[in-house]
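J.: Sequence first, then the predicted structure, then my questions.
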Amino acid sequence: MKFFIVDAFSSRPFGGNTAGVAVLEQGSPFPADELMQHIAAELRYSETAFVIPSQNTGEFTTRYFTPAGEVDLCGHATIATFGVLLSQGLVSEGEQCLNHTLAGDLQVTAGKQVMMQMAPATLLPTAVDAERLHRVMGADETMQCPTLPIEIISTGLPDIIMPVASLDALHVLRPDMDALAHFSSELGVTGVHAFALSDDGFTAHARNFGPLYGVPEESATGTASGALTHYLFRQGLVSCPGECRFMQGEAMGHPSVIETRLTPDGGIQVGGPCSIVAQGELMI
């Protein structure tokens with residue numbers, strides 16, 4: 001199978017969030033789960049996508065693996081996947097595609113700016129122990145945001161949406177990764193998406209932590225950006241229809257610009273550019 005290394009949410013190499021993409025032959029079955037897991041662990045990126053073109057034009061089936069296990073959906077790996085499909089002539093500029101995933105069937109618009117429709121946003125009723133979360137995240141009282149709640153929201157993957165008081169507070173977060181992995185497992189979430197509102201041309205700056213799935217910190221997170229968009233709408237901070245621009249990855253030296261849209265029907269789209277930095281063949 002062909003594989004590609006792609007920086008998603010960046011128009012130039014070595015920015016954004018890197019994903020592996022493996023393209024299989026049309027109509028072929030997926031390899032064994034164990035093999036896909038080994039490939040993801042070998043590539044060592046936060047997610048690797050395995051995509052099979054359907055015999056129906058514009059339809060694809062995609063599965064996503066972290067170094068530690070399979071996940072239902074990955075936003076930045078989807079952006080990377082459809083950037084690859086465009087480069088290989090398997091989709092055309094502006095084509096509306098259907099992506100079959102374990103999180104459901106999602107619409108994706110291919111192009112230099114890939115935009116994907118997220119799964120319907122869901123507010124989970126699970127209560128979060130705020131005191132314990134702040135302790136695990138290394139946030140003292142001065143860093144906490146007293147005016148906004150902590151919530152668990154999913155647009156394909158559930159994340160704890162955690163507001164902090166300022167950009168300075170966001171930048172100095174130092175989670176206890178083992179404790180956060182345990183906490184995430186207890187709550188049945190992927191991880192924590194911490195954010196601070198800003199007025200510098202971005203709606204907010206964010207950091208995402210998912211050590212339960214072998215990702216201590218991620219430089220761009222599509223699903224969590226969709227969840228944050230829904231959160232901000234629920235809090236009356238963005239309107240529908242409307243747009244958001246998020247900055248993520250600064251703490252990692254991989255700044256990523258993630259754009260989201262609230263559509264008139266209440267749907268959420270997430271997208272951005274991508275840059276292919278390497279390609280080859282897996283000799284397996």
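T.: Everything's here; your move.
J.: so E243 bridges to which residues?
T.: As for beta bridges, E243 partners with R261 under DSSP bridges.
J.: Which parts of stretch 204-224 count as buried, going by neighbours?
T.: Using 16 or more other CB atoms under 10 Å as the burial criterion, the residues of stretch 204-224 that qualify are 204-215, 217-224. In short, each C-beta sits where N, CA and C put it, glycine included.
J.: Which of these fall within strands?
T.: Cross-referencing the buried residues of stretch 204-224 against strands under DSSP state E gives 204-210, 215, 217-218.
J.: export the residues you listed to a markdown table and tack on pLDDT?
T.: Formatted as a markdown table, the entries for these read as follows, by pLDDT from 0 to 100:
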| residue | pLDDT |
| --- | --- |
| A204 | 98 |
| H205 | 98 |
| A206 | 98 |
| R207 | 98 |
| N208 | 97 |
| F209 | 97 |
| G210 | 95 |
| V215 | 87 |
| E217 | 95 |
| E218 | 91 |
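J.: Show me the helices in this structure, by range?
T.: Assigned by DSSP state H, the chain shows helices spanning 33-43, 75-87, 130-137, 167-171, 177-187, 222-234.
J.: Distance to M1 and mean pLDDT for the ones you listed - can I get that in JSON lines?
T.: Shown next, in JSON lines, are these (distance: least, CB to CB, whole Å; pLDDT from 0 to 100):
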{"stretch": "helix 33-43", "distance to M1": "9", "mean pLDDT": "95"}
{"stretch": "helix 75-87", "distance to M1": "12", "mean pLDDT": "95"}
{"stretch": "helix 130-137", "distance to M1": "39", "mean pLDDT": "97"}
{"stretch": "helix 167-171", "distance to M1": "39", "mean pLDDT": "97"}
{"stretch": "helix 177-187", "distance to M1": "31", "mean pLDDT": "98"}
{"stretch": "helix 222-234", "distance to M1": "23", "mean pLDDT": "96"}
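J.: if we can go back for a sec, ok, which pair from the ones in strands among the buried residues of stretch 204-224 is furthest apart?
T.: When those are compared pair by pair using CB to CB, the farthest-apart members prove to be A204 and V215, with a separation of 20.3 Å.
J.: so where is the stretch 151-284 of the chain shaky, pLDDT-wise?
T.: Filtered on pLDDT under 70, the stretch 151-284 of the chain yields no residues whatsoever.
J.: and with 90 instead?
T.: Confidence mapping of the stretch 151-284 of the chain against pLDDT under 90 gives the ranges 156-157, 213-215, 220, 253-255, 265-266, 283-284.
J.: Name the residues of stretch 253-273 that are buried.
T.: Using 16+ other CB under 10 Å as the test for burial, stretch 253-273 gives 254-262, 267-273.
J.: Revised request: answer the last question for stretch 22-33.
T.: Going by neighbour count (16+ other CB under 10 Å), the buried part of stretch 22-33 is 22-24, 31.
J.: Closest to H76 out of these?
T.: Comparing every one of the buried residues of stretch 22-33 with H76 (CB to CB), the shortest separation belongs to A22, at 15.5 Å.
J.: which residues touch the residue lying closest to D178 once chain neighbours are set aside?
T.: Excluding the flanking residues, the one nearest D178 by CB to CB, 6 or more residues apart in numbering is P211, at 7.4 Å. P211 makes contacts with 175, 177-178, 180-181, 184, 191, as judged by CB atoms under 8 Å, 6 or more residues apart in numbering.
J.: Tell me the spacing between P211 and S28.
T.: Using CB to CB, to the nearest Å, P211 is found at 34 Å from S28.
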